[in-house]
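Undergrad: only the shape, not the letters, is given here:
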């Protein structure tokens, strides 16, 4: 491999020399202060690759040109941006968890090449006590056995939403394909056939999230919420090492879908030397398998030695769906048929400061959730069949909430929600915490549902109970009600400090719409509900 790396660097130097033919000084390879022409190689990377930033700094020193990693979003959203041309002429390369979704979207024409750098399969991180009870500490169970344990109530787990996160998307494909057991890529008839088993499997899901970070933090903060986490093998081992999570990391024996981290040059990069620089970086990484194994990722070279944590887990790669029709059908089935339904209260500020464009934007956003036109990176993020929805407007005081069980095929449900949204009007003061307390009496934190509260306000408290009183109220909650997260949307002139405290106190999260993009905030929150 040393020969290939030398050749790649030589080709890079030659290319840079030719492009600099009119200069009096030739570019110098080496050093970390700019090297060659000083133009950084700009790479859009998967968020879970942030741990490799120090390694990339070493690569830049060795190769003689600066390298910048950017993490604007997850793999699914980044693939969509790639399709829309959002990275053209601004970045030089992508380094996503996988390019499979790029291919399904039809965005592969935006890439000039790709080199797979490492592997990390989707895995099941089970608390060691639970793993021992189920006998999984000594062997690799199959997805069917895990599904049976979940259906019997013997195990619960958290998983990211497959419409928002590639780890959740890959896990959904993995379990469905393994249960279909055809040896081929999943078909629509396969999805219908294994739906009962998938329902049993997902009956064990007690935590959902749009991001791995929030999911992991919530799991570690309150270990009673779930017995296991689904994520990449590398992430789970890192959580064990850094957080002392004491998880038994299982790669199901009948196969999984892995992240393969392809480093890919853009077809329209920001600089003409991009392809040569990407080739040099790819070879640098492939020559150093320890870069992967030190971060619990598997080198693409199967002959490389694996650390003990990985060596005992047989990896069988499952085929990925061939068309977007299949993935859309699978994600839709997950939301509307397979997973536990959400139980969500939307606490909506309709005080006087919301008058005009702000209220109109809120209404438009809610309408897109009702009619299903709101879409994220991997499908609809609108209201889902079986989901219990409550709309709780507030101004001087909380209004009576509208609560119903949603179904896209039920014109009465969609009609009532639409009428309630059309009837919103702005006037009065802002009784934030009175409305929030009222929401806790509306949401049903019952077994078999995933509850949450969304609080949207464009201002500060001007009426009703205070933050101190809400703290006292929350401290008095017990059982499942105490675990209901509040997802706060910062909008307008909202009190950032107080709203952040509410999110942290309840185990929720803050979503920033201070720039006015209310629709994007609501869409993002749907991954947590």
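TA: Perfect, I can see it now. Every value quoted in this text rests on a predicted model; they were computed, and no experiment measured them.

Undergrad: residues touching the nearest residue to residue 447 once chain neighbours are set aside, list them.
TA: Leaving out its chain neighbours, the residue that sits closest to residue 447 by C-beta to C-beta, 6 or more residues apart in numbering is residue 480, at 7.9 Å. In this view, the C-beta of every residue, glycine as well, is placed from N, C-alpha and C. Counting by C-beta atoms under 8 Å, 6 or more residues apart in numbering, residue 480 touches 445, 446, 447, 451.

Undergrad: and what of residue 265?
TA: Contacts of residue 265 (C-beta under 8 Å, 6+ apart): 92, 93, 111, 112, 113, 114, 274, 275, 278.

Undergrad: can I take it that it is in a strand?
TA: Yes: membership of residue 265 in a strand is supported by DSSP: H, G, I helix; E, B strand; the rest coil.

Undergrad: that one bridge partners, please.
TA: When bridges are called by DSSP bridges, residue 265 pairs up with residue 93.

Undergrad: where along the stretch 151-300 of the chain do the strands fall?
TA: 157-160, 205-209, 228-232, 247-250, 258-259, 262-265, 298-299 (DSSP state E, counting those that start in this stretch).

Undergrad: export these as JSON lines, with columns for mean pLDDT and distance to residue 38.
TA: Listed next are those as JSON lines, based on pLDDT from 0 to 100; distance: least, C-beta to C-beta, whole Å:
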{"stretch": "strand 157-160", "mean pLDDT": "96", "distance to residue 38": "39"}
{"stretch": "strand 205-209", "mean pLDDT": "95", "distance to residue 38": "40"}
{"stretch": "strand 228-232", "mean pLDDT": "96", "distance to residue 38": "35"}
{"stretch": "strand 247-250", "mean pLDDT": "97", "distance to residue 38": "42"}
{"stretch": "strand 258-259", "mean pLDDT": "96", "distance to residue 38": "32"}
{"stretch": "strand 262-265", "mean pLDDT": "98", "distance to residue 38": "20"}
{"stretch": "strand 298-299", "mean pLDDT": "96", "distance to residue 38": "32"}
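
Undergrad: for those, which one sits closest to residue 56?
TA: Closest approach to residue 56 among these is made by strand 262-265 (10.8 Å; C-beta to C-beta).

Undergrad: distance between that closest one and the chain's centre?
TA: Offset of strand 262-265 from its chain centre (C-alpha atoms, centre = their mean, to the nearest Å): 21 Å.

Undergrad: try stretch 465-484
TA: 28 Å.

Undergrad: cool, and stretch 171-178?
TA: 17 Å.

Undergrad: count of neighbours near residue 510?
TA: By the criterion of other C-beta atoms under 10 Å, residue 510 has 18 neighbours.

Undergrad: am I right that it is in contact with residue 499?
TA: Yes: proximity of residue 510 to residue 499 meets the contact threshold set by C-beta atoms under 8 Å, at 6.4 Å.

Undergrad: overlap in contacts, those two.
TA: Residues touching both residue 510 and residue 499 by C-beta under 8 Å, 6+ apart: 488, 490.

Undergrad: what strand or helix carries the residue nearest to residue 466 when sequence neighbours are not counted?
TA: Distances taken as C-beta to C-beta, 6+ apart place residue 433 nearest to residue 466, at 6.5 Å, with adjacent residues excluded. Per DSSP states H and E: residue 433 is located in helix 432-440.

Undergrad: does anything pack onto that helix? Which helices or strands?
TA: strand 342-349, strand 388-394, strand 450-457, helix 467-475 (3 or more C-beta pairs under 8 Å, 6 or more residues apart in numbering; DSSP states H and E).

Undergrad: toward the C-terminus, what is the element adjacent to the first one?
TA: Taking DSSP H and E as the definition, the helix or strand that follows strand 342-349 towards the C-terminus is helix 357-371.

Undergrad: what sits up against that next one?
TA: So helix 357-371 is contacted by 346, 348, 350, 354, 374, 381-383, 391, 414, 417-418, 421-422, 424-426, 456, 458, 491-492, 516, 518-519, 522, 526 (C-beta under 8 Å, 6+ apart).

Undergrad: restricted to helices, list those residues.
TA: Secondary structure from DSSP state H places 414, 417, 418, 421, 422, 518, 519, 522 of those in helices.

Undergrad: now render these as CSV, adding neighbour count and pLDDT.
TA: Listed next are the ones in helices among the contacts of helix 357-371 as CSV, based on neighbours: other C-beta atoms under 10 Å; pLDDT from 0 to 100:
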residue, neighbour count, pLDDT
414, 18, 95
417, 21, 97
418, 16, 97
421, 20, 97
422, 11, 97
518, 21, 90
519, 17, 89
522, 23, 91
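
Undergrad: adding distance to residue 43, write these out as CSV.
TA: Formatted as CSV, the ones in helices among the contacts of helix 357-371 follow (distance: C-beta to C-beta, whole Å):
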residue, distance to residue 43
414, 44
417, 43
418, 44
421, 42
422, 46
518, 31
519, 29
522, 30
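
Undergrad: so the helix holding residue 433 versus strand 388-394, what angle?
TA: 160 degrees (axes from the mean of the first three to the mean of the last three C-alpha atoms, to 10 degrees).

Undergrad: beta partners of the closest residue in space to residue 232 that isn't next to it in sequence?
TA: Residue nearest to residue 232 in three dimensions, not counting chain neighbours: residue 120, with 4.3 Å by C-beta to C-beta, 6+ apart. Beta-bridge partners recorded for residue 120 (DSSP bridges): residue 259.

Undergrad: let me see the contact set for residue 120.
TA: Residues near residue 120 by C-beta under 8 Å, 6+ apart: 232, 233, 234, 235, 258, 259, 261, 296, 297, 298.

Undergrad: how about those in a markdown table, adding neighbour count and distance to residue 326?
TA: Compiled in a markdown table, those are given as follows (neighbours: other C-beta atoms under 10 Å; distance: C-beta to C-beta, whole Å):
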| residue | neighbour count | distance to residue 326 |
| --- | --- | --- |
| 232 | 28 | 22 |
| 233 | 27 | 25 |
| 234 | 27 | 27 |
| 235 | 26 | 26 |
| 258 | 26 | 19 |
| 259 | 27 | 20 |
| 261 | 28 | 24 |
| 296 | 23 | 30 |
| 297 | 30 | 28 |
| 298 | 24 | 27 |
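
Undergrad: the helices in the stretch 51-200 of the chain, which residues?
TA: All helices of the stretch 51-200 of the chain, identified by DSSP state H, counting those that start in this stretch, fall at 53-63, 75-83, 100-105, 128-134, 143-151, 166-180, 188-202.

Undergrad: for those helices, which one ends up most surrounded?
TA: Mean neighbour count (mean count of other C-beta atoms under 10 Å) peaks for helix 166-180 among the helices of the stretch 51-200 of the chain, with a mean of 27.

Undergrad: partner residues bridging residue 115?
TA: residue 263.

Undergrad: closest one to residue 139 among the strands of the stretch 151-300 of the chain?
TA: Among the strands of the stretch 151-300 of the chain, strand 247-250 sits nearest to residue 139 (C-beta to C-beta), with 9.1 Å.

Undergrad: for the closest one, packing partners?
TA: Applying 3+ C-beta pairs under 8 Å, 6+ apart, one finds that strand 247-250 contacts strand 118-127, helix 128-134, helix 233-243.

Undergrad: what packs against the shortest one?
TA: It refers to helix 128-134. In terms of contacts (3+ C-beta pairs under 8 Å, 6+ apart), helix 128-134 is packed against strand 247-250.

Undergrad: contacts for the strand it packs on, please.
TA: 123-128, 131-132, 136-137, 140-141, 228-229, 233, 236-237, 239-240, 309, 313.

Undergrad: that strand pairs with which strands, parallel or anti?
TA: With DSSP bridges as the test, strand 247-250 is paired with strand 118-127 (antiparallel).

Undergrad: any idea of the mean pLDDT for the partner strand?
TA: Averaging pLDDT along strand 118-127 yields 97.
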